[in-house]
Every structure is written in structure tokens, then in C-alpha cells.
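Undergrad: how would this look folded up:
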Amino acid sequence: DLIPGFLQEFPNLRVEINLTSRNPSLVDEGYDVAVRIGPQGDSSLQAKLLGVVRSVVCATPAYLDQHGRPVHPIELRDHNCILSNYARQLGAWRFSGPEGAIVAPVSGRMSTNNIEAIYRATRQGFGIANLPDLLAAPALADGQLQALLPDYEPEGSPVYVLHPHRERVPAKVRAFIDYLSGRLSGALTR
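TA: Model prediction:
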């Protein structure tokens, strides 16, 4: 959603977007920048933390009416959770709550590397999901989804913008990084 605004602000630039579930080599494949979610370990890249995407565990009212509402993260083990293949541990969601850090075992009949697919399955009442709050906010606001476990905060995901190490960062790369930082500063936590 931010790219059209960036291009309006910088009319002499072109942007080619490649959406992929893999982590391509920026240098080998000729990319200027990458935006990645989750811990980053590639030391050949310069990484700037843009912030952390907050998460919300949620489900439809119909799912909750049929299967019950968990009140503690451990109770998620008794529910059909819609899982992300990107999770550090596919079978566990991490929370912080009154008793400290909790690793809740989760399982379900569906896992995918596409967050939009998880969101759609959740809205169809298929199960409980751990979604980025930015994505879930409209459905939560209009009651299509309900937030669960209010006393427990799901672990967020760091968002990084990365670029190859260079002596001089190209102006277009610097402009893009600054633009993302400015636009996402209110949407992500630090």
C-alpha cells in the first residue's frame, strides 16, 4: 500500500516488486532492498529495524459459539488453529501474560506461508489465528472477528528493511528506507 505514495513523492524512480516466500540473495539476484518479517541472520546485509508488528489471536463469533472461547493460551491446544509456516515453531505460539512468558502448543488442519490465506480462513470460521493486528483491525472493528486472550499478548514479529553492504548507499535506496521508516513509525511498535 505504501509504494504508490513513494512513487508520487519520487516521480523519477521506478519500482519492481517481487513478492516471494523465499529469501532471495539481494546481491546475486540484483535487488536493491528487501522488506522481511522475522529475525534476520544474514550478516552480508545491512538491516534496519522498522518496528514490530503486533499480533492478535482471534476467531469468528460463529467458531467461538461452536467450539468455545479459550481463556488461557494453553487452551489453544484444544482448538483448530490456522498456522503460519513462517512461525519460528510451527507448533507453538508465544505470549507474555500475568505469569510471564508462555509457549502455548497449537495445532490445526491448515498451515500456509500466506497470511492473507490465514486471514480469509479465519474470517470463514475455520479456526483461531494469530494475525497481524494491522490486517485484522477492520474485521475486529466490525465484529466479524473477536480478539481472544485479552490478558495475554502474543509475540510480535520484527520488520526489517535490508540492503547489501556498500560503501555508499545509493540515494534511491536511502530514500526508500527513509520513506518506509517515516510511514510505518506509527503503525509498528518499537
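Undergrad: which outside residues touch stretch 181-190?
TA: 2, 5, 48, 50-54, 134, 156, 159, 161 (C-beta atoms under 8 Å, 6 or more residues apart in numbering). To be clear about C-beta, it is placed using only N, CA and C from the backbone, and glycine gets the same treatment.
Undergrad: now, which of those lie within strands?
TA: In this view, those that belong to strands under DSSP state E are 48, 50-53, 159, 161.
Undergrad: want to throw the residues you listed into a markdown table with neighbour count, distance to residue 18 and pLDDT?
TA: Formatted as a markdown table, these follow (neighbours: other C-beta atoms under 10 Å; distance: C-beta to C-beta, whole Å; pLDDT from 0 to 100):
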| residue | neighbour count | distance to residue 18 | pLDDT |
| --- | --- | --- | --- |
| 48 | 14 | 20 | 90 |
| 50 | 21 | 19 | 91 |
| 51 | 18 | 23 | 90 |
| 52 | 15 | 24 | 92 |
| 53 | 20 | 21 | 90 |
| 159 | 20 | 17 | 89 |
| 161 | 22 | 15 | 91 |
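Undergrad: now for the residues you listed: which two are most distant?
TA: 48 and 53 (15.3 Å; C-beta to C-beta).
Undergrad: next up, the contacts around the most centrally placed residue in the chain.
TA: By C-alpha atoms, centre = their mean, the chain has its centre lying nearest to residue 132, at 5.0 Å. Residues in contact with residue 132 (C-beta under 8 Å, 6+ apart) are 53-56, 115, 157.
Undergrad: repeat that for residue 77.
TA: Contacts of residue 77 (C-beta under 8 Å, 6+ apart): 104-107.
Undergrad: at 10 Å instead, please
TA: 70, 91-92, 104-107 (C-beta atoms under 10 Å, 6 or more residues apart in numbering).
Undergrad: quick check: longest helix in this protein by residues?
TA: Identified as the longest helix of the chain according to DSSP state H is helix 171-184.
Undergrad: please save the CA atoms from that helix in PDB.
TA: Extracted in PDB, the C-alpha atoms of helix 171-184 (Å, rounded to 0.1, in the frame of the first residue of the first chain):
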ATOM      1  CA  ALA A 171      20.200   7.700  -2.900                       C
ATOM      2  CA  LYS A 172      17.200   5.800  -4.200                       C
ATOM      3  CA  VAL A 173      17.800   3.100  -1.500                       C
ATOM      4  CA  ARG A 174      18.200   5.700   1.200                       C
ATOM      5  CA  ALA A 175      15.000   7.500   0.100                       C
ATOM      6  CA  PHE A 176      13.000   4.300   0.100                       C
ATOM      7  CA  ILE A 177      14.300   3.300   3.600                       C
ATOM      8  CA  ASP A 178      13.600   6.800   5.000                       C
ATOM      9  CA  TYR A 179      10.100   6.700   3.400                       C
ATOM     10  CA  LEU A 180       9.200   3.300   4.900                       C
ATOM     11  CA  SER A 181      10.600   4.400   8.300                       C
ATOM     12  CA  GLY A 182       8.500   7.500   8.300                       C
ATOM     13  CA  ARG A 183       5.300   5.900   7.100                       C
ATOM     14  CA  LEU A 184       5.500   2.900   9.400                       C
END
